[in-house]
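Participant: Give the three-dimensional model of this entry:
(chains A, B, C and D)
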2 protein chains.
Amino acid sequence: MKRVAPGGSCSASAAGGSNVAGMTGHHDLRSTEDAITQRLGGLNIDFEAMWAVSNIYRASASIRNHFERTVLRDTGLTWTGFVVMWVVWIWGESETRHVAAEAGISKGTLTGVTKTLESYRYVRRSPHPTDRRRVMLALTPPGERLMRTLFPDFNREEAFVVKDLDGEQRRALAAALRTIVRHLETS
Amino acid sequence: MKRVAPGGSCSASAAGGSNVAGMTGHHDLRSTEDAITQRLGGLNIDFEAMWAVSNIYRASASIRNHFERTVLRDTGLTWTGFVVMWVVWIWGESETRHVAAEAGISKGTLTGVTKTLESYRYVRRSPHPTDRRRVMLALTPPGERLMRTLFPDFNREEAFVVKDLDGEQRRALAAALRTIVRHLETS
DNA sequence: CCAATTTCGTTAGGTTCCATACGATAAAGT
DNA sequence: ACTTTATCGTATGGAACCTAACGAAATTGG
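Facilitator: Model (predicted):
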């Protein structure tokens, strides 16, 4: 996403016509999956696995896109910037490698993202009390304030995303995904 | 992902220690979610929605990372490059805007990715038969050959990803995700 | 017809993100 | 002590990725 100075208005240009995730042009999910099934007819393919996995990725892209276009627009935060702040918010002051791992980004990436968030005065770096190689990350009061106001909006959008699923489906979805993550983490 | 010339060996350095998605350091999913629940105790939060949505993103990152480290390593393809080739493989020669939409990237990004894939001789550009503004994308014979050998490996890893889920869970997972994507696509 | 509008893909500019390669610090081995 | 060896976070270079602006081509409407 394009970056904007924190507090910047970013203003209009809302409905610009760009082709991004989720906007599958003239094809819907159904016809797409039909085309794939057709094309792969000859091969010995585990279709159930494919639909499950590919839809995780597709849903993820749609969701990230939705959030960038709703709650994150006009805040001056990118998705990753928000996730990093979220991690520091939840866990409190933390070592950078912990934050990188929780946020799902490399430590190199975190250096850059932190630099940006620091320039916005949302995050601050501190030396580790005993190990002088390490660096601690914490929210500044403005950063804290931002998360307190931003997160409820964020959660409202999360509820919107799963609006068409009932409680049982939501729990099953989360459980299935946890199983996958756990499996991949333990290689 | 770092790029390598097509056919380049990229060789070893396998188990390099970088902190990326899914490697949550010393915390597992359970304790992470517990910490979040604790921290958010006071607020009025839809936790079920949050677990469902956040785990989609987490699983997606883990999966992408897993594929980049297994089948895509040593192929010289990035995740996005593979997805673009996959789309062209499934649909056959296609207009760029269709490919961008199916791949979930902007048309501007596609221009760059196509340039890379073209330099590898995996993809070729052709003029549209009637509309001279448009450009068609197709796989070259080497590109076709690559997909034929690469995709079965890819599907094997997809099966690995959902190994711990039974057939019913896989179908339910895919169905729930389709519901979400459909909901977000129709705004 | 021919101007105005729309719709293409590409380009330009900037941020994010990764892998790799450091330089610095800490820990372990001798 | 004092070399190794491991582990920090950061710097670098390049691909991916977006938005916005653009030029060319197609479409529309007097």
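Participant: Report the mean confidence score over the longest helix along chain A.
Facilitator: Identified as the longest helix of chain A according to DSSP state H is helix A:47-69. Here helix A:47-69 scores 91 as its mean pLDDT.
Participant: What residues does residue A:51 make contact with?
Facilitator: By CB atoms under 8 Å, 6 or more residues apart in numbering or on different chains, the residues touching residue A:51 are A:33, B:170, B:171, B:174. Glycine gets a C-beta too; all of them are placed from N, C-alpha and C.
Participant: at 6 Å what do you get?
Facilitator: residue B:174 (CB atoms under 6 Å, 6 or more residues apart in numbering or on different chains).
Participant: now it: how far from DNA strand C?
Facilitator: 26 Å (CB to the nearest atom of the strand, to the nearest Å).
Participant: How much space separates that residue from DNA strand D?
Facilitator: 21 Å.
Participant: Residue A:98 now?
Facilitator: 8 Å.
Participant: Got phi/psi on residue A:42?
Facilitator: phi -70, psi -30 (degrees, to the nearest 10).
Participant: Most distant residue from the centre of chain A?
Facilitator: If you look at how far each residue of chain A sits from its centre, by CA atoms, centre = their mean, the farthest one is residue A:42, at 36.8 Å.
Participant: contacting residues around that residue?
Facilitator: Per CB under 6 Å, 6+ apart, neighbours of residue A:42: none.
Participant: Now do it, the pLDDT please.
Facilitator: For residue A:42, pLDDT reads 82.
Participant: Ok, residue A:106 next?
Facilitator: 93.
Participant: Check the one 5 residues further on too.
Facilitator: pLDDT for residue A:111: 96.
Participant: ok now do it, which residues does it touch?
Facilitator: No contacts exist for residue A:111 under CB under 6 Å, 6+ apart.
Participant: Next, the angle helix B:47-69 makes with the longest helix of chain A.
Facilitator: Per axes from the mean of the first three to the mean of the last three CA atoms, to 10 degrees, the angle that helix A:47-69 makes with helix B:47-69 is 110 degrees.
Participant: now the residue farthest from the centre of chain A: how far from residue B:80?
Facilitator: 27 Å (CB to CB, to the nearest Å).
Participant: hang on, the earlier thing: C-terminal to the longest helix of chain A, which secondary structure element comes first?
Facilitator: helix A:79-91 (DSSP states H and E).
Participant: pLDDT on that following helix, on average?
Facilitator: Mean predicted lDDT for helix A:79-91 stands at 93.
Participant: mind checking how far that helix is from the chain centre?
Facilitator: 10 Å (CA atoms, centre = their mean, to the nearest Å).
Participant: Identify the residues contacting it?
Facilitator: By CB under 6 Å, 6+ apart, helix A:79-91 touches A:64, A:68, A:99, A:102, A:103, A:113, A:117, A:137, A:139, A:147, B:36, B:39.
Participant: is DNA strand D contacted by it?
Facilitator: No - Helix A:79-91 stays clear of DNA strand D (CB under 7 Å from any atom of the strand), getting no nearer than 10.2 Å.
Participant: Are that helix and DNA strand C in contact anywhere?
Facilitator: Yes - using CB under 7 Å from any atom of the strand, helix A:79-91 reaches DNA strand C at A:79, A:80, A:81.
Participant: what helices or strands is whichever helix or strand comes after that helix leaning on?
Facilitator: Where DSSP H and E defines the elements, the next helix or strand beyond helix A:79-91 is strand A:94-95. Applying 3 or more CB pairs under 6 Å, 6 or more residues apart in numbering or on different chains; DSSP states H and E, we find strand A:94-95 packed against no helix or strand.
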